[in-house]
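> Provided below for reference: sequence and predicted model.
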Amino acid sequence: MGWIGETIESFKSIKIRKALSQAVSFGLIISSALMIWKGLMCWTGSVSPVVVVLSESMEPGFARGDILFLHMNKDPIRAGEIVVYNVEGRDIPIVHRVIKVHDTRDTGEVYLLTKGDNNEFDDVPLYAEDQLWLQRQHIMGKAIGFLPYIGYATIIMTDMPIIKYVLIGVLGLLVLTSND
Amino acid sequence: MHSFGYRANALVTFAVTILVIMCAMASFSDNFNSPSPTASVQVLNINWFQKQLHGNDEVSMTLNISVDLQSLFTWNTKQVFVFVAAEYETPKNSLNQISLWDGIIPSKENAKFSIHTSNKYRFIDQGSNLKGKEFNLTLHWHVMPKTGKMFADKIVMTGYRLPEDYR
């Protein structure tokens, strides 16, 4: 009871000046998070520098909930590299390994075929209709490093959105009621 | 000042910091391992070699692959992904890489082996350039760590040649 009473008390005692300074510190948190994300984007050259693995198609290398760090540069893509690609008509990017590469001499076009380590067959059925190869514009980045498990939080949050709202609410309350 | 929330916060922050440092150190320690893997691949037989209906050459072959990749394993190694790719140039393409066989090595004990296999993925050219074609067989490996940076390297084996005629 005491905790709730204190919380209500602290709400009552909020003054204009204090509320403003809290709004500013709240803004600071949000903008620094945004800056880190955008900075990572610039540094890695990838539209999404960090992705969470959602499928089991790369087991046992990558499991559901692992976090991958992506990197994108002008270097050619070679067989064996793990790329994240986006296919027209699909919203979710796919993390799979390149198994075939054809570099065209004149136009510089690249033709890639991918496959999940844990899948029986290659990815042609996953591509858009009549698409046999991936090309440069489909590639979002190459995986260069990874951290296990940490991404599981986002999977839980997308599976059960209620947890996300509760978490945001609690954090918001903490920020508003903190006395620093 | 010394409420439950602050203590919990300090404890969690400290624990996460330690965890991050340990992960970074584990990943960094991989740099001290200088592996010396060995490999040899032989083409035992060309099973068949023909032109497909839409004009691309396709070949099927039997390979013997002997590797010793034990030195790649460190305490931070989750698995090693290994594959053999045929690599060659054609007038149209500056590089063609076609994976013929791949495998996942889960532990050091399984990292030394020798197998006979026909190509797992289809060896199809973009066009019809494979008659009498010289090609390299390259053994690539990708080390997947328990955490941190991934490593990759390869051994190139040269001097393979496809037959002059379809069979």
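Perfect, thanks for sending it. Quantities reported herein were computed from a predicted structural model and do not represent experimental measurements.

> I'd say residue B:145 and residue B:77 touch.
Yes. Taking contacts as CB atoms under 8 Å, residue B:145 lies within contact range of residue B:77: 6.2 Å. Where C-beta positions appear, they are placed from N, C-alpha and C, glycine not excepted.

> so which helix or strand of chain B has the lowest pLDDT on average?
Lowest mean confidence among the helices and strands of chain B (mean pLDDT, DSSP states H and E): strand B:148-149, at a mean of 84.

> before we move on, back to that, any common contacting residues for residue B:145 and residue B:77?
When contacts are counted by CB atoms under 8 Å, 6 or more residues apart in numbering or on different chains, the set common to residue B:145 and residue B:77 consists of residue B:30.

> quick one: buried residues of stretch A:145-152?
Applying a neighbour-count criterion of 16 or more other CB atoms under 10 Å in any protein chain shown, the buried positions in stretch A:145-152 are A:146, A:147, A:148, A:151, A:152.

> name the SS class of the residue nearest to the last one when sequence neighbours are not counted, please.
To tie it back to what came earlier, the one meant is residue A:152. In this structure, residue A:152 finds its nearest non-sequential neighbour in residue A:65, 3.4 Å apart by CB to CB, 6 or more residues apart in numbering or on different chains. Using DSSP: H, G, I helix; E, B strand; the rest coil, the three-state assignment for residue A:65 comes out as coil.

> ok, now which ones touch residue A:65?
Residues A:52, A:53, A:148, A:149, A:150, A:151, A:152, A:155 are the ones in contact with residue A:65 under the rule CB under 8 Å, 6+ apart.

> just to revisit the earlier point, as CSV, the buried residues of stretch A:145-152 with distance to residue B:60 and secondary structure would be great.
Formatted as CSV, the entries for the buried residues of stretch A:145-152 read as follows, by distance: CB to CB, whole Å; DSSP: H, G, I helix; E, B strand; the rest coil:
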residue, distance to residue B:60, secondary structure
A:146, 35, strand
A:147, 41, strand
A:148, 39, coil
A:151, 41, coil
A:152, 43, helix
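
> which of the residues you listed sits closest to residue B:13?
The nearest member of the buried residues of stretch A:145-152 to residue B:13, counting by CB to CB, is residue A:147 at 17.6 Å.
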